[in-house]
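# My questions concern the predicted model and sequence given below.
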Amino acid sequence: MARIAFIGVGNMGGPMAANLVKAQHQVRAFDLSAENLDRAEAAGAERAASLADAVRDVDAVVTMLPAGPEVRAVYLGEGGIVGLVAPGTLLIDASTIDVDAARAVAAGAAAAGFEMIDAPVSGGVGGASAGTLTFMVGGSEAAFARAEPILQHMGKTIVHTGASGAGQAAKICNNMILGISMIAVSEGFNLAEKLGLDPQKLFDVASRSSGQCWSMTTYCPVPGPVPASPANRDYQAGFTAAMMAKDMRLAQQAAQTSGAVTPLGAAAAQLYGLMNAVGRGGQDFSGIIRVLAGK
């Protein structure tokens, strides 16, 4: 049993922290939202009054924060985690941020004598609640070995992808593929509708043919063929369009700085950005099918 500070207990962090509690870890939670803290406390976590209170005398710190600037500030800023925690504390950032920020924060932590990993996740709120997330982990072998037993209580698949920043690289590459494939599947179903082809018939063919992909068989964007997909719940979000737009922007930033050519990624980033801009950012990203159809 470890003593773990969990910083950021919102839609994703909240259920992740709850799973650590279920695994008998002592979890102390902190969040700027009192409502989020109420839920974390109800799930069995200890409520911290401040960041300093949360990270006092713990074995590990887990953070789940919105973006790179927040991660930099929380770890390296004035009154940040690196200056507060005891020597030997393991630092785990599960946020999805840009690769450069992840590497900079890890370097700052290392300079202060701390082991740190970047461990962004895939699986959405459902995966966070079920404890079936995929963790993509960047950091040293030693840091990964220390973190894996903790991550195992929150996820099903845990992959050490390389040095610091490699976890973030894997996450944005994966989500760029996902975002593009969902648009391709959506365009196919929209074309089928215009041609008078029943969506179930297209699914029956494409899900068993060369058009098969996760966006088709697990997360089909039209109601009916995959009963568990958000399309059957009026696109109630498992993974919001706003979150997808953020990840697509991160992928494009990385493409620009690395010199990678990603024309489909660029187009997809614009489309999810549009979905967010017209007020549909809270819907599931598979709702892009309605944006493309002009509905």
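The structure has been received and is ready for your questions. Numbers count the residues shown, from 1 in each chain.
# which SS state does residue 135 fall under?
Secondary structure, DSSP: H, G, I helix; E, B strand; the rest coil: residue 135 is strand.
# Can you report how many residues neighbour it?
30 (other C-beta atoms under 10 Å). (C-beta placed from N, C-alpha, C; glycine too.)
# so how far is residue 262 from it?
Distance, residue 135 to residue 262, using C-beta to C-beta, to the nearest Å: 24 Å.
# do residue 36 as well
35 Å.
# so what's the residue nearest the centre of the chain closest to, chain neighbours aside?
Using C-alpha atoms, centre = their mean, the residue of the chain that lies closest to the mean C-alpha position is residue 121, 4.4 Å off. Closest residue in space to residue 121, ignoring its immediate chain neighbours: residue 133 at 4.4 Å, by C-beta to C-beta, 6 or more residues apart in numbering.
# Test my guess that the one you found contacts residue 122.
Yes: if you go by C-beta atoms under 8 Å, residue 133 and residue 122 touch, sitting 6.8 Å apart.
# Neighbours of residue 236, how many?
12.
# wait, it sits on residue 230?
Yes: in this structure, residue 236 is within contact of residue 230 by C-beta under 8 Å, at 5.8 Å.
# Find residues that contact each of those two.
Common contacts of residue 236 and residue 230 (C-beta atoms under 8 Å, 6 or more residues apart in numbering): residue 284.
# returning to what we had before: residue 133 and residue 122: which is more packed in?
residue 133 (26 against 18).
# show me what contacts the more buried one?
Counting by C-beta under 8 Å, 6+ apart, the residues that residue 133 touches are 16, 121, 122, 123, 127, 154, 155, 156, 157.
# switch the cut-off to 6 Å
121, 123, 127, 154, 155 (C-beta atoms under 6 Å, 6 or more residues apart in numbering).
# so it bridges to which residues?
For residue 133, the beta-bridge partners are residue 155 (DSSP bridges).
# How about the one 5 residues further on?
Applying DSSP bridges to residue 138 gives these bridge partners: residue 118, residue 162.
# show me the residues around residue 256 that make contact.
With contacts defined as C-beta under 6 Å, 6+ apart, residue 256 has no neighbours.
# Correction: the previous question concerned residue 122.
residue 134.
# give me that answer again for 7 Å
Residue 122 makes contact with 133, 134, 171, 174, according to C-beta atoms under 7 Å, 6 or more residues apart in numbering.
# can the residues you listed go into CSV with extra columns for distance to residue 246 and pLDDT?
Listed next are the contacts of residue 122 as CSV, based on distance: C-beta to C-beta, whole Å; pLDDT from 0 to 100:
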residue, distance to residue 246, pLDDT
133, 18, 97
134, 18, 96
171, 11, 96
174, 14, 94
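# which of those lies closest to residue 281?
Using C-beta to C-beta, residue 171 comes nearest to residue 281 of the contacts of residue 122, at 19.5 Å.
# The protein: helices as residue ranges?
13-22, 34-42, 51-54, 68-76, 99-111, 124-130, 141-151, 166-194, 199-206, 214-217, 241-258, 263-275, 288-293 (DSSP state H).
# Could you identify which of those helices is most buried?
Among these, helix 13-22 has the highest mean neighbour count (mean count of other C-beta atoms under 10 Å), at a mean of 23.
# quick one: it to strand 133-138, angle?
Counting by axes from the mean of the first three to the mean of the last three C-alpha atoms, to 10 degrees, helix 13-22 lies at 100 degrees to strand 133-138.
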